[in-house]
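Asks: sequence plus the predicted model coming up.
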Protein chains: 2
Amino acid sequence: MSDQAAVPRTGAELRAAVRAGRHRLPTSGAAPDHVQTNVAILPQDLAFEFLLFCQRNPKPCPVIEVLEAGQVDARLTAPGSDIRTDVPRYRVYRHGILVDEPDTLHAWWRHDLVTFLLGCSFTFEHALVRIGIELPHFRACRNVSMFITNIETVPAGRFHGPMVVSMRWVPRGKVVRAVQATSRFPAVHGAPVHVGDPSQIGIADLLAPDFGDTWPPSSPDDVPVFWACGVTPQAVAMASKPELMITHAPGHMFVTDLRDEDLAIL
Amino acid sequence: MSDQAAVPRTGAELRAAVRAGRHRLPTSGAAPDHVQTNVAILPQDLAFEFLLFCQRNPKPCPVIEVLEAGQVDARLTAPGSDIRTDVPRYRVYRHGILVDEPDTLHAWWRHDLVTFLLGCSFTFEHALVRIGIELPHFRACRNVSMFITNIETVPAGRFHGPMVVSMRWVPRGKVVRAVQATSRFPAVHGAPVHVGDPSQIGIADLLAPDFGDTWPPSSPDDVPVFWACGVTPQAVAMASKPELMITHAPGHMFVTDLRDEDLAIL
């Protein structure tokens, strides 16, 4: 099967490799320019409130597609896919506690499960790299710094909590360009939520992130720029301790057939 | 109370006038530059599917706010409002049949009712007028022409059906500008869905609209331009014959505290 072992170039190729057990790694860099998504799977009785939470908080929770109860294929963005097999690694939580990290969902699937595919920052990071902003974590295949802020999300039903943001250092002269470039992609967190002084959004120390890796500035001219982060909906859902919740393992995303540019507004 | 009988200038003033029974007319022209919304009220058991239908069809069904089951105030866009009293006239449908056209919902309200406020074309018509496009229906306080197309919406659960569009004549030299101006407002139908030849979207005769009034072109240089229309979600919901559905009466909208510019993306 060596002919099939080449680096997958499209979402469909990557999903086929995952489904065949040939790809269990993080998906960063695979299927370049294809839209990768965060996965949150919840029982039907939470689906309306979670979708409403996403509608009220589109920056941290940009909905790419929702699979209705029991539906396993993402018909709109990844025809022929199977959400039970096409993510390289899953995490299963019961009442907010991690109980399994399986390669497939065959042991866990139920007909009342609703799947949410949410936009992921890879798309807008490509946009930043294209305008010449260095993202050291991107090149090192490590994680961005993430922080819990004092910005409250808009609650919906049982879901509420603070917004989590990701931080990237941007040279002062490129801050406006970074705002413009990411504003084109509201479906993947869009424009920043804050520029500059971290204390204004409740962050005490930029070198002590709540999640991810630590990145010091590379120049005194670097400004910290903060974007709403896809960790927010997972953190908020988890805090409600749902009887069952399934997600992708960090970095092991579901990859669609959409191209990054398909999500651009202008 | 003559001091309170002046033309309402804000959403809050208009809602107060409606609630006090002093305003039972269509809302066009009232509270200028404030965002007016279509109203669709459905039982909770349809709420997830309807919200998902809106998420999958954001051009005809732009969600401004959703009031959770039993909630009567639009906390995010019209604090202090009461959806049971603040619309000048309602329509009540049982199993798809119009059964009442009340001034308030006190006789019909239930704690399982979920209210959807959907963007209305008034916002983007202001944007068109500002760039010098004549909208004769706007000045005459009559209705735009609306057509059922051959463009299928993306179904969700029990909801499916063709997209309804509104048509406005635009001088050839202003078509691009009209696309740009309305692209700024994705929360109120956004960019057109079609420009030019009506037969390509299944419309046989522009002088025989399915809804609204008939408007011939005012010059041989006029091009028909088509936008997704807020009649779509009502038509689709009605076709599913819900046990109970409540809407605003045509033209009698719910007016929020948002300003049109609050919805602009750029």
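Replies: Yes, it's here. What you see is a predicted model, and the numbers here were worked out from it, not measured in a lab.
Asks: alongside chain B, which residues does the stretch 151-266 of chain A contribute?
Replies: On the criterion CB under 8 Å from any CB of the partner chain, chain B has as its neighbours in the stretch 151-266 of chain A the residues A:V154, A:A156, A:G157, A:S183, A:P186, A:I265, A:L266. Where C-beta positions appear, they are placed from N, C-alpha and C, glycine not excepted.
Asks: hmm, try it at 10 Å
Replies: A:V154, A:P155, A:A156, A:G157, A:Q180, A:S183, A:R184, A:P186, A:G190, A:A191, A:I265, A:L266 (CB under 10 Å from any CB of the partner chain).
Asks: excluding chain neighbours, what is closest to the second one?
Replies: Looking back up the chat, that one is A:P155. If you skip the residues right next to it in sequence, A:P155 has A:F53 as its closest partner in space, 7.5 Å away by CB to CB, 6 or more residues apart in numbering or on different chains.
Asks: mind checking what secondary structure that neighbour has?
Replies: Three states are possible here, and by DSSP: H, G, I helix; E, B strand; the rest coil the one that applies to A:F53 is helix.
Asks: please look at it and A:M163 and confirm they touch.
Replies: No - because the distance of 11.9 Å does not satisfy CB atoms under 10 Å, A:F53 is recorded as not touching A:M163.
Asks: what's the domain layout of chain A?
Replies: Under the assignment automatic domain parsing, the domains of chain A span A:2-120+A:234-263, A:122-233.
Asks: quick check, pLDDT for the residue of the stretch 1-150 of chain A found nearest chain B.
Replies: Per CB to the nearest CB, A:F48 is where the stretch 1-150 of chain A lies closest to chain B, at 3.8 Å. What the model reports for A:F48 is a pLDDT of 97.
Asks: residue ranges of the strands in the stretch 1-150 of chain A, please?
Replies: With DSSP state E, counting those that start in this stretch as the criterion, the stretch 1-150 of chain A has strands at A:34-43, A:63-67, A:90-94, A:97-100, A:113-119, A:145-152.
Asks: dump these to CSV, plus mean neighbour count and mean pLDDT.
Replies: Formatted as CSV, the entries for the strands of the stretch 1-150 of chain A read as follows, by neighbours: other CB atoms under 10 Å in any protein chain shown; pLDDT from 0 to 100:
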stretch, mean neighbour count, mean pLDDT
strand A:34-43, 24, 95
strand A:63-67, 22, 97
strand A:90-94, 18, 95
strand A:97-100, 11, 94
strand A:113-119, 25, 97
strand A:145-152, 19, 95
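Asks: out of the ones you listed, the one nearest B:V63 is which?
Replies: B:V63 sits nearest to strand A:63-67 of all the strands of the stretch 1-150 of chain A, at 11.1 Å, using CB to CB.
Asks: which residues of the stretch 1-150 of chain A lie near chain B?
Replies: In this structure, the stretch 1-150 of chain A approaches chain B at residues A:44-52, A:54-56, A:58, A:63-66, A:68-69, A:75-76, A:114, judged by CB under 10 Å from any CB.
Asks: show me how to select, in PyMOL, the buried members of these.
Replies: Taking 16 or more other CB atoms under 10 Å in any protein chain shown as the burial criterion, the selection of buried members of the residues of the stretch 1-150 of chain A next to chain B in PyMOL is written as:
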select buried, chain A and resi 46+47+48+49+50+51+52+54+55+56+58+63+64+65+66+68+69+76+114
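Asks: returning to that earlier point: which neighbours do A:F53 and A:M163 have in common?
Replies: Both A:F53 and A:M163 are contacted by A:P60, A:C61, A:T153, A:V154, A:T232, A:V236, under the criterion CB atoms under 10 Å, 6 or more residues apart in numbering or on different chains.
Asks: thought the second one was touching A:N38?
Replies: Yes - using CB under 10 Å, A:C61 and A:N38 qualify as a contacting pair, with a distance of 9.1 Å.
Asks: anything in contact with each of the two?
Replies: In the contact map built from CB under 10 Å, 6+ apart, the residues linked to both A:C61 and A:N38 are A:F116, A:L118, A:G119, A:G230, A:P233, A:Q234.
Asks: now do the contacts for the third one.
Replies: Yep, that's A:G119 we're talking about. Taking CB under 10 Å, 6+ apart, one finds A:35-38, A:58-64, A:185-190, A:230, A:263 in contact with A:G119.
Asks: and with 8 Å instead?
Replies: A:V35, A:T37, A:N38, A:P62, A:V63, A:I64, A:F185, A:A187, A:V188, A:H189, A:G230, A:L263 (CB atoms under 8 Å, 6 or more residues apart in numbering or on different chains).
Asks: next: A:N57.
Replies: In this structure, A:N57 makes contact with A:T153, A:V154, A:M163, A:A228, A:T232, A:P233, judged by CB under 8 Å, 6+ apart.
Asks: which stretches in the stretch 101-250 of chain A count as helices?
Replies: Shown for the stretch 101-250 of chain A, the helices assigned by DSSP state H, counting those that start in this stretch span residues A:122-130, A:136-139, A:175-183, A:231-239.
Asks: pick the most buried one from these.
Replies: Per-residue neighbour counts averaged over each of the helices of the stretch 101-250 of chain A give the maximum for helix A:231-239, namely a mean of 22 (mean count of other CB atoms under 10 Å in any protein chain shown).
Asks: that helix: how far from the chain's middle?
Replies: With CA atoms, centre = their mean, to the nearest Å as the basis, helix A:231-239 stands 12 Å off its chain's centre.
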